[in-house]
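> Prediction below, plus the sequence it came from.
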Amino acid sequence: MSLDDVLARIDADLPAATDRLMELLRIPSVSTDPAYKADCDAAADWLVKDLQTLGIKSEKRPTPGHPMVVGHIDGDGPHVLFYGHYDVQPVDPLELWNRDPFDPAVEETDKGRVIRGRGASDDKGQLMTFVEACRAWRAVHGTLPCRITFFLEGEEESGSPSLVPFMRENAEELKSDIALICDTGLYDHNTPSIATQLRGLLAEEIVITGPSKDLHSGLYGGLAMNPIRVLSRIITGLHDVTGRITLPGFYDDVPELPEEVRAQWDGLGFNHAEFLGAVGLSLPAGEQDRTPLEMLWSRPTCDVNGIWGGYTGDGFKTVLPSQASAKISFRLVGQQDPDKIHRTFVDYVHSQLPDDCTVEFPNGKGSPASQMSIDHPAFEQARQALSAEWPNEAVFAGMGGSIPIAGYFKDILGTDALLIGFGKDDDQIHSPNEKYDMRSFHKGIRSWARILDAITG
């Protein structure tokens with residue numbers, strides 16, 4: 001029996017695989033709403049039973065929140081851990097859906113057939129691509145290709161409060177040679193990707209207080225310090241004229257892009273004018289000596305996300321406000337330490353503060369970036385396997401956002417993670433009318449079969 005036999009089985013079993021996904025999608029496992037607690041339990045039970053049909057010893061594990069599903073099967077070769085999540089986002093506003101979000105269906109669109117329903121792309125459809133690849137492999141070979149641990153979470157969409165404690169308590173059981181995460185997407189319709197760089201995040205809020213109360217600008221203007229003026233100077237000073245962030249030592253732990261990865265990114269032909277044009281912009285605003293993809297995937301950022309103070313209602317009120325506030329976020333890369341940057345930011349703000357003003361920093365929090373070592377042979381093996389399935393060669397990509405689970409695998413389990421997914425930018429995850437392309441579901445299953453064959457080869 002060969003890989004071709006497994007792929008043929010996947011093709012033949014696609015209607016049945018789709019039906020199984022539909023069953024899972026009908027369970028309204030909304031983790032953020034206590035009203036759906038029983039449904040989250042039902043989704044975990046469904047997965048336990050489905051994994052057991054593959055000969056996998058699986059069980060529902062309790063947590064203070066929604067349960068984990070953990071399954072194990074022995075085998076030769078490397079030990080692989082697969083992670084996914086069975087919980088979904090709330091469906092509001094319901095009136096914007098074209099159908100019942102928990103009555104999924106395959107629909108014909110002008111871009112091909114899609115699976116429509118909440119969780120179709122995030123993350124039940126993605127999760128099931130791996131399960132279905134294992135099902136086809138077992139049907140052909142009578143067993144799975146290696147030792148596999150399944151680790152399926154029910155709280156990803158509500159902040160994963162139980163995840164880290166569970167991983168720490170069960171670290172020895174969950175340790176593996178490589179972790180597989182299917183919660184990401186394609187670079188474009190024909191180009192698969194493996195996310196190897198995930199930016200971290202530091203969120204800051206600052207409140208500048210000047211006078212003890214709001215003041216009449218005719219009586220006090222010109223003499224009294226205006227907190228909005230102070231805040232404006234602080235914000236302006238965070239960047240120089242080239243878009244570079246000015247905090248001392250900010251770039252100390254930012255690595256340069258490996259040349260092989262740079263070449264892959266250059267080969268993608270990213271059109272920044274088209275990307276920005278879709279939102280009414282045209283000119284890159286970041287570091288002017290960096291390419292647009294570097295700015296999006298591998299460089300740190302500093303952005304003002306909100307700013308307020310004084311009178312903002314209709315009409316005009318000549319007031320000097322007592323306070324001015326802003327929310328500022330830093331996207332982090334490489335080995336940047338959010339605690340270190342927080343301290344540097346606090347020192348910078350204090351250095352710009354007049355004697356008559358005070359500052360508070362409520363609600364600051366951060367998490368570091370995740371960077372995978374592509375030196376692990378599984379990364380190139382998986383890239384070649386994906387390239388064999390899709391029209392274009394797969395790339396090692398960066399991600400502008402954050403997926404904390406990848407960092408947890410590294411920090412808690414000492415395991416690198418392959419982040420491979422088949423979602424698309426137009427899947428409308430977290431929004432009404434979520435969908436997953438049937439092509440993504442089908443080729444996703446085939447892709448995992450190829451990857452399993454390559455890394456256990």
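Done, it's in. Numbering: from 1, shown residues only.

> Neighbours of the nearest residue to Ala105 once chain neighbours are set aside, how many?
With C-beta to C-beta, 6 or more residues apart in numbering as the measure, Arg116 is the residue that lies nearest to Ala105, at 5.7 Å, once sequence neighbours are left out. (C-beta placed from N, C-alpha, C; glycine too.) Number of residues near Arg116 (other C-beta atoms under 10 Å) recorded here: 22.

> Does Arg116 have any beta-bridge partners, and if so which?
Beta-bridge pairing of Arg116, defined through DSSP bridges, involves Ala105, Lys435.

> hang on, it packs against Glu108?
No: with contact defined as C-beta atoms under 8 Å, Arg116 does not count as touching Glu108 (10.6 Å).

> And the average pLDDT for stretch 202-211 is what?
Rounded to a whole number, the mean pLDDT of stretch 202-211 is 97.

> Show me what counts as buried in it.
Of the residues in stretch 202-211, those buried by neighbour count under the rule 16 or more other C-beta atoms under 10 Å are Leu202, Ala203, Glu204, Glu205, Ile206, Val207, Ile208, Thr209, Gly210, Pro211.

> Out of the residues you listed, which is nearest to Ala388?
Within the set of the buried residues of stretch 202-211, Leu202 lies nearest Ala388; the separation is 39.7 Å, counting by C-beta to C-beta.

> Not counting its own residues, what contacts the strand or helix carrying Ala406?
In this structure, Ala406 sits in helix 404-413 according to DSSP states H and E. Residues lying outside helix 404-413 but in contact with it, judged by C-beta atoms under 8 Å, 6 or more residues apart in numbering, are 81, 83, 156, 160, 163-164, 167-168, 171, 174-176, 179, 181, 183, 198, 200, 367-370, 372, 415-417, 419.

> what does stretch 351-365 give?
202-210, 225, 227, 230, 233-234, 237, 342, 346, 349-350.

> so of those, which ones are in strands?
Of the positions in these, Leu202, Ala203, Glu204, Glu205, Ile206, Val207, Ile208, Thr209 sit in strands, assigned by DSSP state E.

> you'd agree the second one is up against Gly366?
Translated: Ala203. Yes: under the contact definition of C-beta under 8 Å, Ala203 touches Gly366, with a separation of 6.7 Å.

> Show the contacting residues for the closest residue to Glu393 other than its chain neighbours.
Using C-beta to C-beta, 6+ apart and skipping residues adjacent in sequence, the residue nearest Glu393 is Ser387, 4.6 Å away. Contact analysis of Ser387 by C-beta under 8 Å, 6+ apart lists Pro192, Glu393, Ala394.

> Produce a ChimeraX select command limited to the buried residues of those.
In ChimeraX, the members of the contacts of Ser387 classed as buried (16+ other C-beta under 10 Å) are selected with the following command:
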select :192,394
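
> that's a helix at Glu172, yeah?
Yes: counting by DSSP: H, G, I helix; E, B strand; the rest coil, Glu172 is part of a helix.

> Check what pLDDT it gets.
With respect to pLDDT, Glu172 scores 97.

> if I look at Arg116 and Glu108, which residues touch both of them?
Taking C-beta under 8 Å, 6+ apart as the criterion, Arg116 and Glu108 do not both touch any residue.

> among the contacts of helix 404-413, which are in strands?
Cross-referencing the contacts of helix 404-413 with the strands (criterion: DSSP E) gives Leu81, Tyr83, Ala179, Ile181, Leu198, Gly200, Ser367, Ser370, Ala417, Leu419 as the overlap.

> What residues are bridge-paired with the fifth one?
Same thing as Leu198. With DSSP bridges as the rule, Leu198 is bridged to Ser370, Met399.

> returning to that earlier point: most widely separated two among the ones in strands among the contacts of stretch 351-365?
Taking C-beta to C-beta, no two of those sit farther apart than Leu202 and Thr209, at 22.8 Å.

> quick one: contacts of the host helix or strand of Cys302?
Assigned by DSSP H and E, Cys302 belongs to strand 301-309. For strand 301-309, the external contacting residues (C-beta under 8 Å, 6+ apart) are 199, 227-228, 231, 235, 238-239, 245, 247, 286, 295, 321, 323-331.

> out of the buried residues of stretch 202-211, which one sits closest to Asn98?
Each of these was scored against Asn98 by C-beta to C-beta, and Ala203 proved nearest at 35.1 Å.

> Bridging across strands, which residues link to the closest one?
Ala203 has the following beta-bridge partners by DSSP bridges: Ser329, Lys365.

> Point out where this structure drops to low pLDDT.
Segments of the chain classed as low confidence (criterion: pLDDT under 70) are 1.

> That one - how does it break down into domains?
Per the record's domain assignment (automatic domain parsing), the chain is made up of the domains 3-198+370-456, 200-254+300-367.

> Relative to Gly277, which of those is closest?
Comparing the domains of the chain against Gly277 with C-beta to C-beta, the closest turns out to be domain 3-198+370-456 (15.0 Å).

> how far does the closest one sit from the chain's center?
Averaged C-alpha coordinates place domain 3-198+370-456 at 13 Å from its chain's average position (C-alpha atoms, centre = their mean, to the nearest Å).
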